[in-house]
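Chemist: Got a predicted structure plus its sequence, pasted below:
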Amino acid sequence: MSARALQQPLSLRLTSGVFLAMWCVIAAFPILWIMVQSFKVPVDAYDSNALNVILGPETLARGHGMSLFQILIGAAMLWLTFHLARKTLPSLVHQVFDSGVQWIGWVIGVLALTIGAIVALFGVVPWLAGLLDPYLGPFGTNVIGVTTEHYKTVWVERGFFRNFQNSLIVTAGVVAISLSVGTLAGYGLARSGSKLAFWILIIALIFRALPHSVLVAGYLPVFISSSEWLAPILGENAPTLYGKPFAVIAVLVAINQPFTIWMLRSFFQNIPAELDEAARVDGCSHFQAFRRVIMPVMWPGVITTGLFSFLLAYNDFLVTSLLLDAQNQTMVPAIAGMFNRETTTTDQVVAVAAAVSITAPLFFLVMAFQRQIVSGLTAGAVKG
Amino acid sequence: MKFKIFAAFIGPSVIMMILFIAFPLFSVFKQSFYLTQPIYELMDVETCTPGFITQSCVTETQSIPKLDEHGEIITQTKFVGLQSYRNVLELERAWDALSSGNWAGFGAIDFWKALRFTLTFTLITLPLVLGAGLGIALMINNAAKSVRGPVIFVSLLPFIITPVIGALSINWLFRGDGILTAAIEWYLQRDIAMFAQAWTIEVLMMLYRVWHVAPFAAIVFYAGLQTVNQDSLESAIIDGASRWQRLKYIIIPHLMPLIVFISMIHLMDSYRVFEEIVGFSSQGHVISLQWLTYDFLVPDQAGNRSISRASASAMLTMIGIALLLVPLLRRTWRDHHGGH
Amino acid sequence: MTLKTLMAAAAVAMSSTAAFAGCAIDNTVPLKSLSAGFEAWKAVTDAMGECGSFEASLDQEFREKQPEAFAADPSLYQIGGVANSTMIPLLNAGSIRPLDDLVAKYGQNLTPNQLIRVDGKVMAIAMMVNAQHMMYRSDILDDLGIAEPTTWDEVFAAAETIQAAGVVDYPLGGTFKTGWNLGEEFVNMYLGEGGSFIGEGNMPTINNAQGVAALETMKAMTAYMDPEYLVSDSTYVQQQFQQGKIAMANLWASRAAAMDDAAESQVVGMVTMSAAPNGSAAPASSLWWDGLVFASNMSDAEAEAAFQVAMEGIDSDMVAANNDAAVWLIPGYTPGKLAAGAAATAANGAAPYPASGPMGIMHTALGNGIADYLNGAKDAETTLADIEAAYLTAAKEAGLVQ
């Protein structure tokens, strides 16, 4: 289309821009706010004066602060991380890894970037500032109260690292299994026009609409006594399912299946059936056709669907809090626990710091995969 | 595709759904018609509990469940028909209240109170989510290419954040002298308490839901906008169609399948509204159907739970969702047949 | 945070958690415990962990998991943490063991007050008590010339004076959050009026003059409280105190230490702990205890090990290190001025919380039903009648009422 035909009056573009900016503020504000709170001592964090929360006079008075110089290099580091995640990482992954194993590249890349960013922000920046601040005069004096003590409490004293590991295990398990099972089913459903396929889809839809709390409460007694009722089948070594990550993974995969197969079915429907039919004419079986023809072109849809599975597993509270014991607890129920026990205000700020910590990986993930999400959706994963 | 191959493809997925969803669902369905109770016997029990310095002992007649020879509680299960449904619906009370024109009394009965809020919540947030989503999508599409990436990133934040934490963070902003309440107080020059009356809490809960879900709608619509047929847009411009007409006659029809998709997901999710009730601790003012089910289900401190009523209320919730989805399902049926 | 602490974090995560210090025995039997997660339990389980081979689950869902997990054979946990009400389901199901033999063998440091007896058998070991009692800003009350209030009428008179003086946002605070907290407030008030909850045949007996009086006192309180009272739990009231927004509240003894915590409180040393105000019959409060129980479905060897480890967890050393975390029942505890309120409340004759199966149902019905009265949607009699009806439906479903 000609550029002139698309030309919009300035007033319209301005209004649109202003509203968009407003939306961005609304979208980001609550998250930014709890982030600010997490860096202050309790007295500042819950002050009713917004300026006090931002500037943190009490925090500053207790000797935790940041100089202008530190803020500047901190911001530079943040920008660098952002840039690396959005630009360098995708192109690097494309260059180094073949399309089939790209996900390995993504995992390694995102992990490396996360660790790098944490080391840079919490290690290098304070060290540099500590080194140079004394020589910078007004730029080197502390202006804003900032303390990382709550993060230290969460990660060092409370052993939040273990919850992090558990979350990783559960999330990785759910995404991997959910996608492998769901891709097969989605493909099968997309290529079958039978009544059965339709009814499976409708029943899946109704399953998706179920109130989860009912299902999950039903699992608990069965899971706790599983070593008794599994004993006739598995003998002595029958496991107690309660508290085991693999049991939770299975539950989350099942709960997530309806959405996964719907998404993937619509996606596969938009891959022309002629493609795999041609392969079948050449003598491939259905599975061979799926592997050789469909798999190479399905990644945009699978990545998008995978992201939704990731969010579900990573953010789940209901299933994980009820079916995991303390040793295998994931991050979200651990944080809810911090809020709900008999808390002090300090505990609450610590919990806020934990909450911000668990949001950070989501940040990186969306930054890295944002384009894939849009292209996956565009490619038809949501055509109803 | 032959049935055998079809079965091989969908087998694993279907088996998982049967094991972890259909089975429990069936047992919920069954439980809603049965009542399982321990058999109690009355006994005089002396209990000694500590005071600050000395103990106090009391002897009371208590109902103690009977144990069998293995030390397990003896229970009896009996068929009660629709009794649990009647207990949840409290039809007689509802009818009495209605026929005497006592709307407040009707609205004070748990199930109807929950249904009222759940429906209001679902039906008000639906157009808001669609509208906000479409608006944001159009605005992003309108923005310069260079800022789109960051804007999409920021827009997605409310969607990806862990719901429990999102609700809490909104809660802090408004609770007591939370900074946003303080800001509104400063602007209006009067004292306000957002959590002191039902309607402000309801508004907050709806705003939270729209904030949380609109980004998803926006990103889906934005993806849809990328595939709008440029030729028909161009010919519309040549025909002199205004911006509004182009939106109405070309863009929205193109996005229709996506609008149905989002509506479907949103109806299902918001009819199960629950996290907001807990996150905003609104039980004193408003409750939702899933919260009601949950409240029947969680044991009190002495371990009692109302499984039968919880099952009945869960089944009623499901029926409600199914009814809401009927129009959308009929569309899917047409598509399924038209699509092949 | 520096690189060094990051490394330390990684090192902590990698290394095993077992440490052998401050524990007289070297435990090799694998043991697990399931309890609530508040500060006192953290202190006790940390002390148990020093004996080795012990894993603690401090779980906010413990209430839901405990009955099932202890009924499994073998029990998933050997040691459980309970309060008077949460012991009921375990006791009813027979999934906790009598402890007389173990107490005789290893319990020489326990006081008779700690032994929870049911029908003469020791079924649990109490470690702490808790109760709601009056906390007030002595500086404000002194300034205004108000004496320590001992009855609710005096509290309201004081609140009126404080409100008129305008020194704080709200004269009163209250844990009125709908649900368990609100139910507990009614229980306190109703006990203060001398009422009883459950009668013959487990029938409810709250729709009476005492019930109405309890509700009216609660309503009178709300006039002096933050209008958002239906969402304010103990932590919120505690914060309001710390930020100097309220002057008086009937708050849990376990929260007393937070008032003097310099890191977060702006009213250090200004809050005095006193007895719960009296209703017309008794102090408007109920006494709670927290303690340890042991599963029946475990071997005797495990039981011995579990009991010994538990005794190490509630020994005097632990109390010495965490003196202000709770009102301990353990020898070696020195009740300071923070415990004065709980002690005075008990001395005035506050009743223990009347824990029982039917009471669990009653508490839930109260917690869900009272908001309608405070909102003004129903009058007192209708509210109480509706609560009784809700109780009856649930009690019939549970088989407690025929």
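Modeler: Sure, I can see it.
Chemist: Can you list the buried residues in stretch A:261-271?
Modeler: Residues of stretch A:261-271 classed as buried by neighbour count (16 or more other Cβ atoms under 10 Å in any protein chain shown): A:261-269, A:271. Quick note: C-beta positions are derived from backbone N, CA and C, even for glycine.
Chemist: what about the closest residue to A:Phe246 other than its chain neighbours, is that helix, strand or coil?
Modeler: Spatial nearest neighbour of A:Phe246, chain neighbours left out: A:Gly173 (7.1 Å); criterion: Cβ to Cβ, 6 or more residues apart in numbering or on different chains. Here A:Gly173 is helix, with the state taken from DSSP: H, G, I helix; E, B strand; the rest coil.
Chemist: burial count for A:Gly173?
Modeler: 18 (other Cβ atoms under 10 Å in any protein chain shown).
Chemist: Quick check: mean pLDDT of stretch C:283-300?
Modeler: Stretch C:283-300 carries an average pLDDT of 91.
Chemist: just stretch A:116-135 next, same as before
Modeler: 76.
Chemist: Same check on stretch C:321-336?
Modeler: The predicted model gives stretch C:321-336 an average pLDDT of 85.
Chemist: Does it reach chain B?
Modeler: Yes. Residues of stretch C:321-336 contacting chain B under Cβ under 8 Å from any Cβ of the partner chain: C:327, C:329.
Chemist: From one end of that stretch to the other, what's the distance?
Modeler: End-to-end distance for stretch C:321-336, by Cα to Cα, to the nearest Å: 14 Å.
Chemist: now it, how far from the chain's geometric center?
Modeler: Stretch C:321-336 has its C-alpha centroid displaced from the chain centroid by 16 Å (Cα atoms, centre = their mean, to the nearest Å).
Chemist: cool, and stretch A:297-315?
Modeler: 10 Å.
Chemist: Contacts made by the strand or helix carrying C:Ala395 with the rest, please.
Modeler: In this structure, C:Ala395 is located in helix C:380-398 according to DSSP states H and E. Here helix C:380-398 makes contact (Cβ atoms under 8 Å, 6 or more residues apart in numbering or on different chains) with B:35, B:37, B:84, B:87, B:108, B:304, B:306, B:308-309, C:202-204, C:206-208, C:211-212, C:215-216, C:357-358, C:361-362, C:364-366, C:368-370, C:372-373, C:378, C:401-402.
Chemist: Go ahead and produce PDB holding the CA coordinates of that helix.
Modeler: Backbone C-alpha positions of helix C:380-398 (Å, rounded to 0.1, in the frame of the first residue of the first chain) are rendered in PDB as follows:
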ATOM      1  CA  ALA C 380     -28.600  -8.900  65.100                       C
ATOM      2  CA  GLU C 381     -31.300 -11.600  65.600                       C
ATOM      3  CA  THR C 382     -31.600 -12.400  61.900                       C
ATOM      4  CA  THR C 383     -27.800 -12.600  61.600                       C
ATOM      5  CA  LEU C 384     -27.600 -15.100  64.500                       C
ATOM      6  CA  ALA C 385     -30.500 -17.100  63.200                       C
ATOM      7  CA  ASP C 386     -28.900 -17.300  59.700                       C
ATOM      8  CA  ILE C 387     -25.600 -18.400  61.300                       C
ATOM      9  CA  GLU C 388     -27.400 -21.100  63.200                       C
ATOM     10  CA  ALA C 389     -29.100 -22.200  60.000                       C
ATOM     11  CA  ALA C 390     -25.800 -22.300  58.200                       C
ATOM     12  CA  TYR C 391     -24.300 -24.300  61.100                       C
ATOM     13  CA  LEU C 392     -27.200 -26.800  61.000                       C
ATOM     14  CA  THR C 393     -26.900 -27.400  57.300                       C
ATOM     15  CA  ALA C 394     -23.100 -28.100  57.600                       C
ATOM     16  CA  ALA C 395     -23.500 -30.100  60.800                       C
ATOM     17  CA  LYS C 396     -26.200 -32.300  59.300                       C
ATOM     18  CA  GLU C 397     -24.000 -32.900  56.300                       C
ATOM     19  CA  ALA C 398     -21.100 -33.900  58.600                       C
END
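Chemist: If we go by neighbour counts, what in it is buried?
Modeler: In helix C:380-398, counting by 16+ other Cβ under 10 Å, buried: C:380, C:383-398.
Chemist: Same question for stretch C:348-364.
Modeler: Buried residues in stretch C:348-364 (16+ other Cβ under 10 Å): C:348, C:350-364.
Chemist: among the contacts of helix C:380-398, which are in strands?
Modeler: B:35, B:37 (DSSP state E).
Chemist: Type out the ChimeraX command that picks the buried ones from the contacts of helix C:380-398.
Modeler: Selection command for ChimeraX covering only the buried members of the contacts of helix C:380-398, criterion 16+ other Cβ under 10 Å:
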select /B:35,37,84,87,108,304,306,308,309 /C:202,204,206,207,211,212,215,357,358,361,362,364,365,366,368,369,370,372,373,378,401
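Chemist: Any buried residues in stretch C:161-181, and which?
Modeler: C:161-163, C:167-181.
Chemist: for stretch C:140-159, what is the average pLDDT?
Modeler: 90.
Chemist: pull the CA atoms of that stretch into PDB?
Modeler: Provided in PDB are the C-alpha atoms of stretch C:140-159 (Å, rounded to 0.1, in the frame of the first residue of the first chain):
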ATOM      1  CA  ILE C 140      -1.400   8.700  74.500                       C
ATOM      2  CA  LEU C 141      -3.500   7.400  77.300                       C
ATOM      3  CA  ASP C 142      -1.300   9.100  79.900                       C
ATOM      4  CA  ASP C 143      -1.400  12.400  78.000                       C
ATOM      5  CA  LEU C 144      -5.200  12.400  77.900                       C
ATOM      6  CA  GLY C 145      -5.400  11.200  81.500                       C
ATOM      7  CA  ILE C 146      -7.100   7.900  80.800                       C
ATOM      8  CA  ALA C 147      -6.600   5.000  83.100                       C
ATOM      9  CA  GLU C 148      -5.900   1.500  81.800                       C
ATOM     10  CA  PRO C 149      -9.300   0.300  80.400                       C
ATOM     11  CA  THR C 150     -10.400  -3.000  81.900                       C
ATOM     12  CA  THR C 151     -13.900  -3.300  80.500                       C
ATOM     13  CA  TRP C 152     -15.300  -2.700  77.000                       C
ATOM     14  CA  ASP C 153     -17.300   0.300  78.300                       C
ATOM     15  CA  GLU C 154     -14.100   1.900  79.500                       C
ATOM     16  CA  VAL C 155     -12.400   1.100  76.200                       C
ATOM     17  CA  PHE C 156     -15.200   2.900  74.400                       C
ATOM     18  CA  ALA C 157     -15.000   5.900  76.700                       C
ATOM     19  CA  ALA C 158     -11.200   6.000  76.100                       C
ATOM     20  CA  ALA C 159     -11.800   5.700  72.300                       C
END
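Chemist: what's in contact with it?
Modeler: Residues outside stretch C:140-159 that contact it (Cβ under 8 Å, 6+ apart): C:134, C:136, C:161-162, C:165, C:167-168, C:171-172, C:192, C:217, C:220-221, C:224, C:247-248, C:272, C:274-275, C:277-279, C:284.
Chemist: do the same with stretch C:189-208
Modeler: By Cβ under 8 Å, 6+ apart, stretch C:189-208 touches B:63, C:152, C:187, C:210-211, C:213-215, C:217-218, C:276-286, C:350-351, C:354, C:356, C:358-359, C:362, C:366, C:381, C:384-385, C:387-388, C:391-392, C:395, C:400-402.
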